[in-house]
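Enquirer: Got a sequence here, can you build the structure:
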Amino acid sequence: MGGKMASAMKRKCVIDVDIRHDSVLRVANATHTLCIANQRFSDAVKLSPHRINRSNAGGGVPFSKAFCETIGYAVEFMFGDVFQSGIKVITDFLYQKTLPADKMDSLLLRKLLDFVKDERRIKVYHEKLSGTELAVTLTNHLFGKLATLGSYLVDRCDAGEKEVECSCIDQSCETAGRYGDTSIGNIDVWHGDVDVLINNDLIVQHLKDPPRSRGENESSPGGQTPVEAKVNCSVLAGNPHITAQTTVFSFLQKKTHPERDHFLIPCFGVGNSTLVVVFYDSEHDVLLESTHIPLFRSSGCDEYEFNDTAIIVSWLTVNYKYLCSGVTEDMKSFKGDFFEDVREKMKIYEGELQLGNIAYPVWNVLKKSLQFSSFLEEQEMKLVAIIHREMREQGGIE
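Expert: Numbering: from 1, shown residues only. The predicted structure follows:
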């Protein structure tokens, strides 16, 4: 009897999973790019460890003025190695064609499969969007759709009374976001606002100096369009605010959720039609930067499909609480040297960071009292009298 029930349940799972063969192939190929250990495979998504050479993390500096000089190690890891739990969920499903027995894994997998089937297209003039507009649009159409909960906060600066709007072309598009306080940190160390905060769990931040794809100002090899071309330069060098935000948020998550198995916390960096994921582990002091992944693939006039690899990476990252396995033992050897850089302020990073209600210094608007002598007061009165006299005499001459 038990065997028949198990078979029936298995058949039911197979029937419930309605996904086309071409979609299975695309998901498999995209997942493969996160796992393949082949230096010659140019589309492989890798992780590069970095160490901090110098920074101003020990001062009360806002993210907008963060300085962080990083140096990359001469080693790379595969992206999939920090998401072993998530990779297993996908691979087991693709191999067996059945949903996981675990309810959360099943929910997460359905989120991915539903997106792949129905929601992968977007109409947008992405080249004309500001950094924050791009972050909001991607959160609304990609990251939020793949998360267990799609609600998010957008930096309230300059928001006024307006509601959050998506910058896609679809006039009927609705958003699950609202403007609010996205500040994190402590005024005595790195602190400030982030563009988008998803469920208080994940930062989405635009890149101030996005990497330029091959083909942006010249024809791309192989007939690639600019949105499909691959980029290979480091984003950390030109975007120290991303390092600062990711590092602060990792310590904050460690303080808020000490019960978690690990504290490798990701941050989405978006810009120039590419996606990058930066990680920091505040327990093992490991800083990682992912390969830059093309976000879009053209599918018509001002219409794009999200890149298959970008979808899988986004799904894993936005659900990192469930799908991320943390740094491997090999990764722990490549320290980020942040602990050493801020040893005098380490207590603040470990115990005094906060989410929201960051009180910003107001040096620029400090009201100063004016001091002057009785001599100057007397001379000023004489000068005023002289000015009035001369003006009257000038008027009389005219």
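Enquirer: Verify the stated contact: residue 273 with residue 296.
Expert: Yes - using CB atoms under 8 Å, residue 273 is in contact with residue 296, at 5.8 Å. For glycine as for every other residue, the C-beta is placed from the backbone atoms N, C-alpha and C.
Enquirer: Tell me the confidence at the closest residue to residue 354 other than its chain neighbours?
Expert: Nearest in space to residue 354, with sequence neighbours left out and distances taken as CB to CB, 6 or more residues apart in numbering, is residue 186 at 6.7 Å. Predicted confidence (pLDDT) for residue 186: 95.
Enquirer: Residue 196 too?
Expert: So, for residue 196, pLDDT stands at 95.
Enquirer: Tell me the bridge partners for the residue nearest to it when sequence neighbours are not counted.
Expert: Distances taken as CB to CB, 6+ apart place residue 204 nearest to residue 196, at 3.9 Å, with adjacent residues excluded. Each beta-bridge partner of residue 204 is listed here: residue 196, residue 268, as defined by DSSP bridges.
Enquirer: contacting residues for residue 264?
Expert: Contact criterion CB atoms under 8 Å, 6 or more residues apart in numbering gives 82, 250, 279, 280, 281, 286, 288, 320, 324, 326, 327 as the residues in contact with residue 264.
Enquirer: Most neighbours of all these, which one?
Expert: Neighbour tally across the contacts of residue 264 (other CB atoms under 10 Å): the maximum, 31 neighbours, falls on residue 82.
Enquirer: returning to what we had before: from residue 80, how far off is the residue nearest to residue 354?
Expert: As for residue 186, its distance to residue 80 is 34 Å (criterion: CB to CB, to the nearest Å).
Enquirer: and what of residue 206?
Expert: Per CB to CB, residue 206 is found 26 Å from residue 80.
Enquirer: ok so residue 19 is a helix residue?
Expert: No - Residue 19 sits outside any helix when classified using DSSP: H, G, I helix; E, B strand; the rest coil, being coil.
Enquirer: Count residues in the vicinity of it, would you?
Expert: Residue 19 - counted by other CB under 10 Å - has 16 other residues nearby.
Enquirer: Phi and psi next, for the residue nearest to it when sequence neighbours are not counted.
Expert: Setting aside the residues directly before and after it, residue 19 is nearest to residue 113 in space (CB to CB, 6+ apart), at 5.4 Å. Dihedral angles phi and psi of residue 113 (degrees, to the nearest 10) take the values phi -70, psi -40.
Enquirer: Repeat that for residue 176.
Expert: Backbone torsions of residue 176, given as degrees, to the nearest 10, read phi -110, psi 10.
Enquirer: if I pick it, what's in contact with it?
Expert: By CB under 8 Å, 6+ apart, residue 176 lies in contact with 140, 144, 150, 151, 152.
Enquirer: Can you name the residues in contact with the helix or strand where residue 314 lies?
Expert: For residue 314, the host element (DSSP states H and E) is helix 308-318. Contacts of helix 308-318 from elsewhere in the structure, counted by CB under 8 Å, 6+ apart, are 26-27, 29-31, 33-34, 43, 45, 79, 83, 86-87, 90, 108, 111-112, 115-116, 120, 142-144, 146-147, 198, 202, 266, 268, 275, 277, 290, 293-295, 323-324.
Enquirer: which other helices and strands contact the next helix or strand after that helix?
Expert: Following helix 308-318 in sequence order, the next helix or strand is helix 320-323 (DSSP H and E). For helix 320-323, the helices and strands in contact under the criterion 3 or more CB pairs under 8 Å, 6 or more residues apart in numbering; DSSP states H and E are helix 84-96, helix 103-118, strand 264-271.
Enquirer: can you give me the helices for the stretch 151-300 of the chain?
Expert: In the stretch 151-300 of the chain, the helices defined using DSSP state H, counting those that start in this stretch lie at 240-256.
Enquirer: Could you check which of residue 186 and residue 80 is surrounded by more residues?
Expert: Looking at residue 186 and residue 80 with other CB under 10 Å, you find the greater number of neighbours at residue 80, namely 27 against 20.
Enquirer: the bottom helix or strand of the chain by mean pLDDT?
Expert: For the chain, the helix or strand with the lowest mean confidence is helix 2-16, at a mean of 41 (criterion: mean pLDDT, DSSP states H and E).
Enquirer: Compute the mean per-residue pLDDT across the helix or strand that comes right after it, please.
Expert: Beyond helix 2-16 in the direction of the C-terminus, DSSP H and E gives the next helix or strand as helix 21-32. With pLDDT averaged residue by residue, helix 21-32 scores 86.
Enquirer: Compute the number of surrounding residues for residue 76.
Expert: Using other CB under 10 Å, residue 76 is surrounded by 15 other residues.
Enquirer: residues in contact with it?
Expert: Residue 76 makes contact with 46, 47, 48, according to CB under 8 Å, 6+ apart.
Enquirer: Look at the last one and give its secondary structure.
Expert: For residue 48, the assignment made with three-state DSSP gives strand.
Enquirer: Looks like it contacts residue 292 (just checking).
Expert: No - in this structure residue 48 lies outside contact range of residue 292 using CB under 8 Å: 10.9 Å.
Enquirer: In a helix, residue 379, correct?
Expert: Yes - for residue 379, which was evaluated using three-state DSSP, the result is membership in a helix.
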